[in-house]
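Participant: this one's structure only:
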């Protein structure tokens, strides 16, 4: 009985993927990839700058003691 449920689930999932899901076009995927890449680089840059500023701040603080 459980085997039929799994087969039915797989068939329905495949049918939904082929008929109900709207897949992005190649240009949409490219533009999304560019946006994600730029956002990732900006976030990495912000984290790097925060790390360096805290490093400098803590080094200056520890030199006082």
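Facilitator: Received the coordinates, thanks. Treat the numbers as computed from the prediction; the structure is a model and nothing was measured.
Participant: what about the helices in this protein?
Facilitator: Here the chain has its helices, by DSSP state H, at 2-19, 26-63.
Participant: would you turn these into JSON lines with mean pLDDT and mean neighbour count?
Facilitator: In short, each C-beta sits where N, CA and C put it, glycine included. Shown next, in JSON lines, are those (pLDDT from 0 to 100; neighbours: other C-beta atoms under 10 Å):
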{"stretch": "helix 2-19", "mean pLDDT": "90", "mean neighbour count": "9"}
{"stretch": "helix 26-63", "mean pLDDT": "97", "mean neighbour count": "10"}
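Participant: Provide a list of residues in contact with residue 20.
Facilitator: Contacts for residue 20 (C-beta atoms under 8 Å, 6 or more residues apart in numbering) come out as none.
Participant: so how far is residue 45 from it?
Facilitator: Distance, residue 20 to residue 45, using C-beta to C-beta, to the nearest Å: 40 Å.
Participant: For the residue most central in space within the chain, list the residues it contacts.
Facilitator: By C-alpha atoms, centre = their mean, the chain has its centre lying nearest to residue 36, at 7.6 Å. Residue 36 sits next to no residue when contact means C-beta under 8 Å, 6+ apart.
Participant: any idea how far residue 42 lies from residue 49?
Facilitator: 11 Å.
Participant: Equivalent analysis for residue 61, please.
Facilitator: Taking C-beta to C-beta, one finds residue 61 at 18 Å from residue 49.
Participant: With residue 40 instead?
Facilitator: 15 Å.
Participant: Appreciated, that's everything.
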